[in-house]
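Trainee: Below is the sequence, then the predicted model.
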2 protein chains.
Amino acid sequence: MMEGGRSVEINQLVEERLDVDDERLNRVFSALADPTRRDLVARLATRDATVGELAAPYDISLQAVSKHLKVLEDSGLVTRSREAQRRPVHLEAEVFDLMTKWIERYRQEAEARYRRLDALLDELAEQEDPAGQTTAPPLRDEDAS
Amino acid sequence: MMEGGRSVEINQLVEERLDVDDERLNRVFSALADPTRRDLVARLATRDATVGELAAPYDISLQAVSKHLKVLEDSGLVTRSREAQRRPVHLEAEVFDLMTKWIERYRQEAEARYRRLDALLDELAEQEDPAGQTTAPPLRDEDAS
DNA sequence: ATCATTGTCAACCGTCCGGTTGAATATCCT
DNA sequence: AGGATATTCAACCGGACGGTTGACAATGAT
């Protein structure tokens, strides 16, 4: 099917793009897996801040916070400008979309499945138990919850 | 302010609840930080499956997949029933909500901030530069972007 | 009873991760 | 030039993580 060479190229491109997204998802999810980094993001949502300001509330070293910010930056959740010696940190809201899209996709698939299952069960109940009597159900052992 | 003892209790309860959510977020985010586990979730979105079925496509050991499923189970993303020797795995879509709620909260805060900034810039541009001439802006050094 | 099937448990290994401390860099101030 | 401020770089440490292999447990089939 199709002319070969071209479709291979396309497949490579598609795979590459998926890998890129995969890598970004790896980084974003694992960036937010740390409570300190989630707190940094939360605080950056209301205003930009310098490393020193961000580090103040925590009782870990400033260097540790700097590392956390590096992780957030590599994940794309945050960017840094330059202002004298300071390097103000800025939250990039767009990256959230990558995650929410991934999450929503599979959540919706799963929910659609549950709705189908519910519909099926309703249908069975109606056609085999229309009055509500307790007849032996036509289920094998393995189907019990 | 307030009667003391009671508010301390309440604060403890609130803190505890936040800690619990925090712990769950840690687990859910780090569960999804691994590409194999994300793939497992993706496949479970369409149908339940056994460990063996789930492990087949990957070239890692069955035990490794079993471990991955344990992580997903501990995060609450997945539950397991029992069916003879098999232990079918089932995706629990509700847990996604915890993540999406967290994400959406800060994304929206950040976006609201950008909108306010845009509005402010528009306002400044209008009142100080109505015809388009380039006057010196009333900004101190630190306010430069 | 025995055997096959399905999955988990346990111990081990190399790598990554979050933290530390100490030195280096960059910029401002005087 | 010299010092103060803000941040990063580099080396190190202990613990968690993803993977392996080998033994064990539970259930179904003969």
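Mentor: Looks like it came in fine. Predicted model only: the values in this text are computed from it and were never measured.
Trainee: Around the nearest residue to A:D34 once chain neighbours are set aside, count how many other residues there are.
Mentor: If the residues on either side of it in the chain are set aside, A:D34 comes closest to A:H68, at 7.1 Å by Cβ to Cβ, 6 or more residues apart in numbering or on different chains. C-betas here are computed from N, CA, C, even on glycine. Here the neighbour count serves as a burial measure; for A:H68 (other Cβ atoms under 10 Å in any protein chain shown) it reads 22.
Trainee: What of A:S81?
Mentor: One way to gauge burial is a neighbour count; for A:S81, by other Cβ under 10 Å, it gives 12.
Trainee: What parts of chain A come near chain B?
Mentor: A:22, A:25-26, A:29-30, A:32-35, A:38, A:41-42, A:44-47, A:81, A:83-84, A:91, A:93, A:96-97, A:99-100, A:102-107, A:109-111, A:113-114, A:142, A:145 (Cβ under 8 Å from any Cβ of the partner chain).
Trainee: Assign a three-state SS to the one residue sitting closest to the centre of chain A, would you?
Mentor: Among the residues of chain A, A:M99 comes closest to the average C-alpha position under Cα atoms, centre = their mean, at 3.4 Å. Secondary structure assignment for A:M99 (DSSP: H, G, I helix; E, B strand; the rest coil): helix.
Trainee: residues in contact with it?
Mentor: A:L25, A:V28, A:F29, B:M99, B:I103 (Cβ atoms under 8 Å, 6 or more residues apart in numbering or on different chains).
Trainee: which residue sits closest to the third one, ignoring its sequence neighbours?
Mentor: Right, A:F29. For A:F29, ignoring the flanking residues on the chain, the nearest one in space by Cβ to Cβ, 6+ apart is B:A33 at 3.9 Å.
Trainee: Show me how chain A divides into domains.
Mentor: Using automatic domain parsing, the domain parsing of chain A gives A:5-92, A:94-126.
Trainee: so which of these gets nearest B:D74?
Mentor: Comparison of the domains of chain A against B:D74 by Cβ to Cβ identifies domain A:5-92 as nearest, at 13.4 Å.
Trainee: do the closest one and DNA strand D meet?
Mentor: Yes: Domain A:5-92 reaches DNA strand D (Cβ under 7 Å from any atom of the strand) through A:50-53, A:62-63, A:66, A:69-70, A:80, A:85-88.
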